[in-house]
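1. Dropping a prediction and its sequence here:
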Amino acid sequence: MAFSNNNLSVLSYANGFTLWHYVTTDTAATVDTSGYFNNASDVVRVGDIVIANADTAGTPATGLMLISSNDNGVVDVDDMTGIGGTDTD
């Protein structure tokens, strides 16, 4: 699956910073590939953070991704920093 504008939403905006939420069946490794968010290059800015729910149809992963560059329509995010831990009970 490719990036979908419909799955990207604003959670909060203040002082030129936006906190986004994105949900997808794509894996985190796919989502953090340079160019994945190109269709959102007109709205995301360097320093914005994306809370991502990835691989929702497989082994779900949730984490934070920093928009690290947005140059001439090419968007890159840092690798996902996972949220959560191991539930042993």
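-> Looks like it came in fine.

2. For the rest of this, base every contact and every neighbour count on C-alpha atoms.
-> Will do.

3. Quick check: closest non-adjacent residue to Ser12.
-> Here the nearest residue to Ser12 in space, its sequence neighbours aside, is Leu19; by CA to CA, 6 or more residues apart in numbering that works out to 5.1 Å.

4. Check which helix or strand the residue nearest the centre of the chain maps to.
-> When CA atoms, centre = their mean is applied to the chain, the residue found nearest the centroid is Val50 (4.2 Å). In the assignment (DSSP states H and E), Val50 maps to strand 49-54.

5. Please put the alpha-carbon coordinates of that strand into CSV.
-> C-alpha atoms of strand 49-54 as CSV (Å, rounded to 0.1, in the frame of the first residue of the first chain):
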residue,chain,number,x,y,z
ILE,A,49,6.3,14.5,14.6
VAL,A,50,4.1,11.7,13.3
ILE,A,51,2.6,9.2,15.7
ALA,A,52,2.3,6.1,13.4
ASN,A,53,0.2,3.0,13.7
ALA,A,54,1.9,0.8,11.2
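
6. ok, the lengthiest strand in the chain: who's next to it in the sheet?
-> Using DSSP state E to define each element, the chain has its longest strand at strand 61-71. Partner strands and pairing direction for strand 61-71 (DSSP bridges) are strand 49-54 (antiparallel), strand 74-77 (antiparallel), strand 81-82 (antiparallel).

7. got a list of contacts for it?
-> Strand 61-71 has contacts (CA atoms under 8 Å, 6 or more residues apart in numbering) with 27-28, 32, 41, 44-55, 75-84.
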